[in-house]
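S.K.: With the sequence up front, the predicted model follows.
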Amino acid sequence: MLIPSNLLEGKKILLGVTGSIAAYKSLELLRLYIKAGAEVRVVMTPAAKKFVAPLSFEALSRNRVLDDTNESWSDDFNHIKISGWADLLVIAPATANTIAKLANGIADTILTQCALAYPGIKLLAPSANTNMIQNPMIQASMKMLAIANYEIVNTQTKELACQVTGDGAMAEPLEIFWQSARILLKNDFWTDRRVIVTGGGTIEKLDDVRTISNRSSGKMASALAAALFLRGADVNLIATRFDEGLPTSIHTIDVESSEEMEEYLTDSIRIAKKGKLTKPSLIHDEPIALIQKEPFLFMAAAVSDYIPTHPQEGKLKKEMLGESWNIEMKQNVDLLKSCNKEGIKTVAFKAETDPAVATQNAQNLLVNKGANAVCLNIIDENNPFGSDTNRIDFITVEGSVSLPRNEKLGLSLQLLDEAMRI
């Protein structure tokens, strides 16, 4: 998925690096921040410098690296000023040693001093041997940090540097990037709101080998799901195709046929209308509160209008079919029209190839199928299926807003600003 170069424009990130073998991955994380337009400063512990030289971070960030040897009080190059400068503090990797220190308020390195001085949300990406990360003291420390303005990115289970396969590997840089961007970009409207997105072209069975489908890539739905994640929503993406590199916190359901999509969509709408429980307290098992925000449904899937009347078992042989094959089709169920839209805001997507009738066809969905808004995009040689960019007319009963061509993630963020008003 293309990340817009201005996604984090104007945002200031303080990246803390501790002494883990995963420190080299922080260079990739830094590159992602810079590529997205953020300004980044780096602070390193003495142990971190044993793994990666500060010069590498300076070359990528175009800023001096703060460490225990160069703090200055004649300018802003100290743990108080640099912490006040940042919009977000990210510590990646965070060793077991650093996690224990942070949980107990120990500030014996420049990085732990920055963490104590920074009042906002801090993002922690742990990295440690399996036994170390699962040690009761470290587990207790992470629970303490979770109620002290820290958000923790889950570790991975894979082969570790010690050649043991287990939990403890730092999350991938892209996942840490997504979590960072979510903290910086979420807003009150979408935060904790349950949202369903459908995407991709449905795949209808002819026999066990052959299918009939359409050219929808699912990229717009994936971009929309990522944008909703960044804005803080609880996202459920039901699709036949997914873009690479989606945030792992997005709940995805992989389907093929329109029948499968209908089944999961019906169940997802029912669940979404129940509201969202906030995270359980670490002291008590009961959820803190039930959040009742009206859910949203974005119907971006290209559902087959017609499906085979008699899908066959096994593989049909051409010797049996003869020189021609007449496939009997029947009209498919209209998921947009038939789904239960009571109590849920619905945004439909409409792809058209004829500009002369495109707007009218899109407007008809507002009346005939009960959508609250329609996203119209016209397919032509400049806007083919599967492209990484798109343009949309966002249509409601009040009128139409044209969203100019943009990378699909950037366009999705603009689309969400319009959807807030329906």
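M.R.: Perfect, thanks for sending it.
S.K.: hey, where'd the helices end up in this protein?
M.R.: Counting by DSSP state H, the chain has helices at residues 25-35, 54-61, 79-85, 96-103, 110-117, 130-133, 136-146, 173-185, 219-231, 258-272, 318-321, 335-338, 355-368, 408-419.
S.K.: Let me know which of these is the nearest to Ala239.
M.R.: helix 219-231 (5.5 Å; CB to CB). Quick note: C-beta positions are derived from backbone N, CA and C, even for glycine.
S.K.: returning to that earlier point: determine which stretch of the helices of the chain is the most buried.
M.R.: With neighbours taken as mean count of other CB atoms under 10 Å, these reach their highest mean count in helix 219-231, at a mean of 27.
S.K.: helices and strands around that one, which ones?
M.R.: helix 173-185, strand 194-199, strand 234-239, helix 408-419 (3 or more CB pairs under 8 Å, 6 or more residues apart in numbering; DSSP states H and E).
S.K.: can you give me the strands for the stretch 201-350 of the chain?
M.R.: Secondary structure of the stretch 201-350 of the chain, counting by DSSP state E, counting those that start in this stretch: strands at 204-205, 211-212, 234-239, 251-254, 276-277, 290-291, 296-299, 306-308, 329-331, 345-352.
S.K.: What lies in contact with stretch 121-128?
M.R.: 20-22, 88-96, 99, 102, 115, 133, 138, 142, 145, 149-153, 155, 168-171, 176, 179-180, 183 (CB atoms under 8 Å, 6 or more residues apart in numbering).
S.K.: what comes up buried for that stretch?
M.R.: 122-128 (16 or more other CB atoms under 10 Å).
S.K.: between those residues, which is nearest Pro404?
M.R.: Nearest member of those to Pro404, counting by CB to CB, is Leu123, at 32.7 Å.
S.K.: Now render the helices and strands packed on helix 219-231 as CSV, adding distance to Glu259 and mean pLDDT.
M.R.: What follows is the helices and strands packed on helix 219-231, written out as CSV (distance: least, CB to CB, whole Å; pLDDT from 0 to 100):
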stretch, distance to Glu259, mean pLDDT
helix 173-185, 32, 98
strand 194-199, 14, 98
strand 234-239, 13, 98
helix 408-419, 28, 97
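S.K.: and Thr69, what is it in contact with?
M.R.: Thr69 makes contact with no residue under the criterion CB under 8 Å, 6+ apart.
S.K.: Could you verify my assumption that Asp68 touches Val43?
M.R.: No - Asp68 lies out of contact with Val43 (CB atoms under 8 Å); the separation is 9.5 Å.
S.K.: what's the overlap in contacts for these two?
M.R.: Joint contacts of Asp68 and Val43 (CB under 8 Å, 6+ apart) are Ile110.
S.K.: Would you mind telling me which of these two has the busier surroundings?
M.R.: Val43 (30 against 15; other CB atoms under 10 Å).
S.K.: residues in contact with that one?
M.R.: 14-17, 65-67, 79, 82, 110-111, 114.
S.K.: distance of it from Leu376?
M.R.: 48 Å (CB to CB, to the nearest Å).
S.K.: same thing with Ile34?
M.R.: Ile34 is 35 Å from Leu376, by CB to CB.
S.K.: got the domain boundaries for this structure?
M.R.: For the chain, automatic domain parsing gives the domain ranges 12-184, 187-419.
S.K.: what's the first-to-last distance across the first one?
M.R.: Think domain 12-184. 9 Å (CA to CA, to the nearest Å).
S.K.: about what we covered before: please name whichever of the helices of the chain is nearest to Ser400.
M.R.: That would be helix 355-368 among these, by CB to CB, at 7.3 Å.
S.K.: so where is this protein shaky, pLDDT-wise?
M.R.: 276-290 (pLDDT under 70).
S.K.: just to revisit the earlier point, and the buried residues of stretch 121-128, which two are the farthest apart?
M.R.: Lys122 and Ala128 (17.9 Å).
S.K.: In TSV: the helices and strands packed on helix 219-231, plus distance to Met299.
M.R.: Formatted as TSV, the helices and strands packed on helix 219-231 follow (distance: least, CB to CB, whole Å):
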stretch	distance to Met299
helix 173-185	24
strand 194-199	5
strand 234-239	10
helix 408-419	13
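S.K.: what sits against Gly245?
M.R.: Contacts of Gly245 by CB under 8 Å, 6+ apart are 1, 174.
S.K.: Let me see the contact set for the spatially closest residue to Ala148 that is not a sequence neighbour.
M.R.: Counting by CB to CB, 6 or more residues apart in numbering, Ala148 lies nearest to Ala103, which is 7.8 Å off, once chain neighbours are set aside. Contacts for Ala103 (CB under 8 Å, 6+ apart) come out as 140-142, 144-145, 148.
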